[in-house]
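**Student:** Below is the structure, and that's it, no one-letter string:
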């Protein structure tokens, strides 16, 4: 059986492109570009809480890094470096090789160096720390929204929640519908290029991990604002639209989480510039509402009818 250090050397040591010293010493050494500051985030993924224990390890490897890169996108930062700490119940080399393949596929796609980490025996748990850089003072923060800002989201929402609820036997999908929605759950696409493009345009941003209402709520709370959303303008797939008549599916759209799209606010006079960014990136960007000085988050349809959602988003400690 391979030792811990053999596993690290064989599966998690790769050439780096912008690191002074990477895996193999007591600490890594990196240099941030002049005039830039360091952005740092960490996420933990626990089997049975964040993913099913039988999730394909390649897809899990991709997702474990992608959800962290999404935090860099939300800050308008360029992702550069990551560390990986993983607890494994056993040293299954086939599983580890597949996980590493998915992890590094994501790392190469977004030009991230793995610069360190740790392995230990225990229940399956993955913790990734991501570091990036951005020009000093130009971060897209949650507390920057202004009253009257337009609220935008990227991509489509709700497909990941649909797929997860099917896998948990809580909501049935056809095989074709599962094939359409499952990639949103297992292989999220961090919107790094969008985050970089929104610098000096957006007032605030967040990535949608716990659900649209919960994560937009973080922006509103940090900025001491309220908002109105138009349900008809919230982007969703044909599959989501087909099932939306079911109240539980409406909750998946608004609060299901695992979308890893960006939600951001911007002044109304930036509307055309944002549409141009959407065209340049080949990425759907949808204006779904506006912030307001009055507190509270209202959802209505195009006719002005208030939608009672009862949705609050994912909370690890909710009973």
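**Tutor:** Great, that's in hand. This is a predicted model, so every value here is computed, not measured.

**Student:** all helices of the stretch 151-300 of the chain, in order?
**Tutor:** For the stretch 151-300 of the chain, helices defined by DSSP state H, counting those that start in this stretch occupy the ranges 159-167, 175-186, 192-197, 212-223, 238-243, 247-255, 271-281.

**Student:** show me the contacts for the closest residue to residue 128 other than its chain neighbours.
**Tutor:** Leaving aside its chain neighbours, residue 128 sits nearest to residue 68 (4.7 Å; criterion: C-beta to C-beta, 6 or more residues apart in numbering). No exception for glycine: its C-beta is placed from N, CA and C like everyone else's. For residue 68, the contact set (C-beta atoms under 8 Å, 6 or more residues apart in numbering) comprises 41-43, 82, 128-130.

**Student:** Residue 143 now?
**Tutor:** Contacts for residue 143 (C-beta under 8 Å, 6+ apart) come out as 204, 219, 222-223.

**Student:** what's the angle between the helix ranked longest in the chain and helix 212-223?
**Tutor:** What stands out as the longest helix in the chain, according to DSSP state H, is helix 57-75. Here helix 57-75 runs at an angle of 30 degrees relative to helix 212-223 (axes from the mean of the first three to the mean of the last three C-alpha atoms, to 10 degrees).

**Student:** so how far is residue 240 from the residue nearest to residue 128?
**Tutor:** Residue 68 sits at a distance of 26 Å from residue 240 (criterion: C-beta to C-beta, to the nearest Å).

**Student:** so can I have TSV of the contacts of residue 68 showing secondary structure and neighbour count?
**Tutor:** Formatted as TSV, the contacts of residue 68 follow (DSSP: H, G, I helix; E, B strand; the rest coil; neighbours: other C-beta atoms under 10 Å):
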residue	secondary structure	neighbour count
41	strand	20
42	strand	14
43	strand	17
82	strand	26
128	strand	24
129	strand	17
130	strand	25
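
**Student:** now the strands for the chain?
**Tutor:** Applying DSSP state E to the chain gives strands spanning 36-46, 78-88, 113-121, 125-135, 150-154, 204-207, 226-230, 262-266, 285-292, 297-300.

**Student:** nearest to residue 24, of those strands?
**Tutor:** Across these, the minimum distance to residue 24, taken as C-beta to C-beta, is reached by strand 113-121, at 8.7 Å.

**Student:** and the residue nearest to residue 307 when sequence neighbours are not counted, what is it in contact with?
**Tutor:** Once flanking residues are discounted, residue 307 sits nearest to residue 299: 4.4 Å by C-beta to C-beta, 6+ apart. By C-beta under 8 Å, 6+ apart, the residues touching residue 299 are 213, 228-231, 254, 306-307, 309.

**Student:** and residue 96, how many neighbours?
**Tutor:** By other C-beta atoms under 10 Å, 21 other residues sit near residue 96.

**Student:** Could you check how far it is from residue 51?
**Tutor:** 16 Å.

**Student:** How about residue 160?
**Tutor:** In terms of C-beta to C-beta, residue 160 sits 12 Å off from residue 51.

**Student:** the more surrounded of these two?
**Tutor:** Applying other C-beta under 10 Å to residue 160 and residue 51 shows that residue 160 carries more neighbours, namely 24 against 21.

**Student:** got any ranges where the protein has weak pLDDT?
**Tutor:** 1-11, 310-319 (pLDDT under 70).

**Student:** and with 50 instead?
**Tutor:** Applying pLDDT under 50 to the chain flags the ranges 313-319.

**Student:** can you list the domain ranges for it.
**Tutor:** 4-135, 142-300 (automatic domain parsing).

**Student:** Show me the beta-bridge partners of the spatially closest residue to residue 42 that is not a sequence neighbour.
**Tutor:** In space, and not counting its chain neighbours, residue 42 is closest to residue 129: 4.3 Å by C-beta to C-beta, 6+ apart. The bridge-partner assignment for residue 129, based on DSSP bridges, gives residue 42, residue 83.

**Student:** in stretch 155-169, what's buried?
**Tutor:** 155-167 (16 or more other C-beta atoms under 10 Å).

**Student:** closest to residue 192 among these?
**Tutor:** Closest approach between the buried residues of stretch 155-169 and residue 192, by C-beta to C-beta: residue 155, at 13.3 Å.

**Student:** With residue 235 as the reference, measure out to that closest one.
**Tutor:** Distance from residue 155 to residue 235, by C-beta to C-beta: 7 Å.

**Student:** Overlap in contacts, the two.
**Tutor:** With C-beta under 8 Å, 6+ apart as the test, residue 155 and residue 235 both reach residue 284.

**Student:** coming back round to it: between the helices of the stretch 151-300 of the chain, which gets nearest to residue 147?
**Tutor:** Nearest to residue 147, of all the helices of the stretch 151-300 of the chain, is helix 212-223, at 8.7 Å by C-beta to C-beta.

**Student:** and that closest one, what other elements does it pack with?
**Tutor:** For helix 212-223, the elements it packs on are strand 204-207, strand 226-230, helix 247-255, strand 262-266, strand 297-300, judged by 3 or more C-beta pairs under 8 Å, 6 or more residues apart in numbering; DSSP states H and E.
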